[in-house]
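>>> make a model of this:
(one chain, ligands or ions: 1)
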Amino acid sequence: MKTSLLKFIFILTAVFYSAATYAENGYDLWLRKGPAKPVKVVVSGKKSAILDAAKQELTEFWQGTPNATIQLVVKADKSLKTDGFKINGNVITAGNDAGVLYGVYDMLRRMASGQSTDNVLSNPSYQRRVLNHWDNPTGNIEHGFAGKSIFWRNEKDSVTVNAGDLSRWKDYARLNASIGINGAVINNVNAQPMMLSAPYLKKYAAIAAAVRPYGMKIYMAPNFASPIRQGGLKTADPLDPEVIKYWQAKAKEIYALIPDFGGFLIKANSEGQPGPQDYKRTHVDGANMLADALKPYGGIVMWRAFVYAPNDPDRAKQAVQEFMPFDGQFRDNVIIQVKNGPVDFQPREPFSPLFGAMKKTSVMPEFQIMQEYLGQAKHLVFLSTMWEECLKSDTYQMGAGSTVGKVTDGSVYPQKYTAIAGVSNIGLDSNWTAHPFAAANWYAFGRLGWDNTLTSAQIADEWLKLTFAPVTDEGKAAMAGKNWDAGFLAPVKKMMLDSREAAVNYMMPLGLHHQFSAYDHYGPGSWYAPARTRADWTPPYYHKADKQGIGFNRTETGTDAVSQYHEPLSSTFSSLENVPEMYLLWFQHVPWTYKMKSGRTLWDELCIKYDTGVKQVRQFQVVWDMAQPFVDKERFENVQSRLRIHARDAQVWKDGSILYFQTFSGMPIPYEVERPV
Ligand code: GCU
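Residues are numbered from 1 along each chain as shown. Now for the predicted structure:
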């Protein structure tokens, strides 16, 4: 009698638990904490804030054998680069303190995602792995979709620091350090000049102090015209002695407050912003002058190559035209920061031809984590596959195998400094990135910056395990008896890995690009061409549809952008038969009736791509609905409601684009495509 009563209670409890969804607010992202097991940590190295942080993280997160002893060792080792580490069983060795911290996070990650902790040797691909925040002193974030800035409040009160700020910055730094990110430019390019004034510099120093124990450095993006607007000079001419003095004094002032300040990020002579060309000087004049001011302190200048002038027949060619003539003339502490593609963070672009072409200049890739052109925080799009595609693209610049990754990480060309930048998607929202899956993009950026050969499948696998696998007692009880791997991990991982291609399909298939409406960069607008707007800010400039066909002729008979690529790519891209279909309309103007590899006409193929994209997103909804038993209520519903918007808007993309392009092709929509409404 007694046993059966117990059994009854047990079953009742089990039923209760499996029906219950546990609570998670999403704030901890991939650093979720279960009840830690006791662990002993022995540190051999000089006491430091970073080593203290490493020890604390291990103590708070340890899930391995209770009472294990973990040794953290700082010592020189020829196989280790700065920040690199070794893990052997219970021993983590690194050449510097930050390396130990990265080793600790890696050990915890490996244990949580079921990977071995033996014979691990890990060195970062890039020395500087830097987030770029497009945060303004008003607290607004340019193209920010997750609330206001975590750094700046509003112009009246941007410089104060409160306890809430400090704890958020600490968590921000922990999340970054756990994936290897070691720097952040914490204000938008072309900062309001006031950001160089003393009260703002103090605020930078406070942020630098909060993130320093996690190995992070702070950088700034000053306005090139600051000598005028902040310093009261008459000019910002980089060769003017007063201007040079201004920047030298500014560097001195900054380093007195922030001894480990990282350096400057500059957007000059781009989209109407000031720069050296305003004074008939060059990018070299501007970048080198700033580099000289920072050099005594070890600072670097990240000089963006995102430049294009209005009225040019091909925007995609301009960065190469403007920068190649200066190859070899930049100081060794200047790095040219190049967006992955030649236009602007589009759903798909071929890699920028500047990669590998600049052989005597340091070059760094710039990715955009915030999904400005990829559905913002509404669409579920895992960007890792896009960045992997870029990093693994072969530039052929030094023979086969000169991938974008290798020509930027120092393995093909000697570079004193190597770096990678990601435009952040972080804001004050309680889960940092608004869409729970947008955090996977932050995670992926960090992981690829650390190791540019990782696969997106591995990154997705880790992220899902760290973000959704049960860790609390409550979560474990809710998951008891359920097959988490088959029911959740496998289908959700597949959804993530398919998601970027789905976005390309419903937005801009077959090499189309920049087909957005107006300035929000969200919905479709292939037809958008108001009379007084710059041509290169309107979609028809890029699709060039007419009665004959569609696509941008960048071959020798067009703008000849193909010639900016190294052979065999220039020949491949200029050949209608050989150009990969994913880049077809990027490089070629193609007749509507052209036969594709599938045997269909270009028109039919285009329609089917749009339609496939919509169907993929609807399938994501099914996958997510089936994942409900494995996810806490808050995150489940958050993703579910965003997927509804995603599916609806994917259909708007398909319908609008097909109906518009049909006015040129005049051809019927293939029967298997859902009728546009
Ligand atoms: C895009 C974006 C701008 C941004 C620019 C940049 O064009 O829409 O808002 O300023 O990129 O990278 O500087």
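
>>> now do the domain split for the protein, please.
Recorded structural domains for the chain (assignment: automatic domain parsing) are 1-30+469-552+589-677, 39-122, 128-249+327-453.

>>> out of those, deepest packed?
Highest mean neighbour count among the domains of the chain (mean count of other Cβ atoms under 10 Å): domain 128-249+327-453, with a mean of 21. All C-beta spots, glycine's among them, are computed from the backbone N, C-alpha and C.

>>> quick one: end-to-end distance for it.
For domain 128-249+327-453, the first-to-last residue distance is 17 Å (Cα to Cα, to the nearest Å).

>>> what about it, distance to the chain center?
9 Å (Cα atoms, centre = their mean, to the nearest Å).

>>> ok, and does that domain reach over to the ligand?
Yes - Domain 128-249+327-453 reaches the ligand (Cβ under 6 Å from any ligand atom) through 142-143, 189, 344.

>>> pLDDT below threshold where in the chain?
1-21 (pLDDT under 70).

>>> tell me the contacts of the residue nearest in space to the middle of it?
In the chain, the centroid-proximal residue (Cα atoms, centre = their mean) is residue 369; its distance is 2.9 Å. For residue 369, the contacting residues are 131, 383, 422-425, 441-442, 445, by Cβ atoms under 8 Å, 6 or more residues apart in numbering.

>>> inside strands: which ones of those?
Using DSSP state E, the subset of these located in strands is 131, 422-423.

>>> could I get stretch 312-329 in CSV with only the CA atoms?
Listed next in CSV are the C-alpha coordinates belonging to stretch 312-329 (Å, rounded to 0.1, in the frame of the first residue of the first chain):
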residue,chain,number,x,y,z
ASP,A,312,29.6,56.0,-60.4
PRO,A,313,28.5,53.4,-62.9
ASP,A,314,29.5,50.6,-60.5
ARG,A,315,29.6,51.0,-56.8
ALA,A,316,31.0,47.6,-56.4
LYS,A,317,34.3,48.6,-58.0
GLN,A,318,35.1,51.7,-56.0
ALA,A,319,36.9,50.4,-52.9
VAL,A,320,39.5,48.7,-55.1
GLN,A,321,39.9,51.8,-57.2
GLU,A,322,40.4,54.0,-54.2
PHE,A,323,42.6,51.8,-52.1
MET,A,324,44.8,49.7,-54.4
PRO,A,325,47.0,52.6,-55.5
PHE,A,326,48.0,53.0,-51.9
ASP,A,327,49.0,49.4,-51.2
GLY,A,328,52.3,49.4,-49.3
GLN,A,329,52.0,53.0,-48.1
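
>>> have a look at the protein and report its longest helix.
The helix that spans the most residues within the chain, counting by DSSP state H, is helix 633-665.

>>> nearest residue to residue 198 other than its sequence neighbours?
Once flanking residues are discounted, residue 198 sits nearest to residue 253: 7.8 Å by Cβ to Cβ, 6 or more residues apart in numbering.

>>> how far away is that neighbour from residue 265?
Going from residue 253 to residue 265 by Cβ to Cβ, to the nearest Å gives 18 Å.

>>> looking at these two, which has the bigger crowd around it?
residue 265 (26 against 13; other Cβ atoms under 10 Å).

>>> isn't there a strand covering that one?
Yes - counting by DSSP: H, G, I helix; E, B strand; the rest coil, residue 265 is found in a strand.

>>> got the contact list for it?
So residue 265 contacts 132, 185, 189, 219-221, 301-302, 304, 337, 421 (Cβ under 8 Å, 6+ apart).

>>> quick one: which of the ones in strands among the contacts of residue 369 is nearest residue 378?
Closest to residue 378 out of the ones in strands among the contacts of residue 369 is residue 423 (17.7 Å), distances taken as Cβ to Cβ.

>>> just say helix, strand or coil for residue 184.
strand.

>>> if we can go back for a sec, narrow the contacts of residue 265 to those in helices?
Per DSSP H, the contacts of residue 265 never map to helices.

>>> buried stuff in stretch 453-468?
454, 456, 459-468 (16 or more other Cβ atoms under 10 Å).

>>> how about the helices of the stretch 501-650 of the chain, start to end?
Along the stretch 501-650 of the chain, the segments classed as helices by DSSP state H, counting those that start in this stretch run 540-543, 569-574, 584-587, 602-626, 633-665.

>>> check the stretch 151-300 of the chain too.
Secondary structure of the stretch 151-300 of the chain by DSSP H, counting those that start in this stretch: the helices cover 163-178, 198-211, 226-229, 241-257, 283-294.

>>> ok so, going back, of the contacts of residue 265, which is the nearest to the ligand?
Set against the ligand, the nearest of the contacts of residue 265 by Cβ to the nearest ligand atom is residue 189 (5.6 Å).

>>> phi and psi next, for the closest one.
phi -50, psi 140 (degrees, to the nearest 10).

>>> with adjacent residues omitted, what lies nearest to it?
Here the residue nearest residue 189, using Cβ to Cβ, 6+ apart, is residue 267, at 3.7 Å.

>>> same question, residue 466
Using Cβ to Cβ, 6+ apart, the closest residue to residue 466 is residue 30 (3.9 Å).

>>> again with residue 273
Going by Cβ to Cβ, 6+ apart, residue 273 has residue 190 as its nearest residue, at 5.1 Å.

>>> re the thing from before, ok, which pair from the contacts of residue 369 is furthest apart?
Taking every pair in the contacts of residue 369 and measuring Cβ to Cβ, the maximum separation is 14.2 Å, between 131 and 383.

>>> and the residue of the stretch 501-650 of the chain closest to the ligand?
For the stretch 501-650 of the chain, Cβ to the nearest ligand atom, closest residue to the ligand: residue 521, 6.2 Å.

>>> who touches stretch 617-625?
Applying Cβ under 8 Å, 6+ apart, the contact partners of stretch 617-625 are 379-380, 491-492, 494-495, 498-499, 502, 506, 636, 639-640, 643-644, 646-647, 650.

>>> quick check: residue 102 is in a helix.
Yes - counting by three-state DSSP, residue 102 is found in a helix.

>>> strands of the stretch 401-550 of the chain, residue ranges please.
Here the stretch 401-550 of the chain has its strands, by DSSP state E, counting those that start in this stretch, at 419-423, 549-550.

>>> by contact count, what packs against the longest one?
Packed against strand 419-423, as judged by 3 or more Cβ pairs under 8 Å, 6 or more residues apart in numbering; DSSP states H and E, are the following elements: strand 128-132, strand 300-304, strand 334-339, strand 362-368, helix 439-450.

>>> which elements pack onto the third one?
In this structure, strand 334-339 makes packing contacts with helix 283-294, strand 300-304, strand 362-368, strand 419-423, judged by 3+ Cβ pairs under 8 Å, 6+ apart.

>>> and the helices of the stretch 151-300 of the chain: which comes nearest residue 609?
Nearest to residue 609, of all those, is helix 163-178, at 36.3 Å by Cβ to Cβ.

>>> mind giving me the packing neighbours of that closest one?
If contacts are counted by 3+ Cβ pairs under 8 Å, 6+ apart, helix 163-178 sits against helix 49-61, helix 97-112, helix 198-211, helix 439-450.

>>> go again with 7 Å.
helix 97-112, helix 198-211 (3 or more Cβ pairs under 7 Å, 6 or more residues apart in numbering; DSSP states H and E).

>>> of these, which is nearest residue 535?
Closest to residue 535 of the helices and strands packed on helix 163-178 is helix 198-211 (Cβ to Cβ; 38.2 Å).

>>> what does that closest one contact?
Contacting residues not belonging to helix 198-211 are listed as 151, 159, 161, 166, 169-170, 173, 186, 194, 218, 220, 253-254, 257-258 [Cβ atoms under 7 Å, 6 or more residues apart in numbering].

>>> quick one, that helix and helix 241-257 angle?
Relative orientation of helix 198-211 and helix 241-257, computed by axes from the mean of the first three to the mean of the last three Cα atoms, to 10 degrees: 40 degrees.

>>> returning to what we had before: using a markdown table, lay out the helices and strands packed on strand 419-423 together with distance to residue 483.
As requested, the helices and strands packed on strand 419-423 are exported to a markdown table (distance: least, Cβ to Cβ, whole Å):
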| stretch | distance to residue 483 |
| --- | --- |
| strand 128-132 | 36 |
| strand 300-304 | 47 |
| strand 334-339 | 42 |
| strand 362-368 | 35 |
| helix 439-450 | 22 |
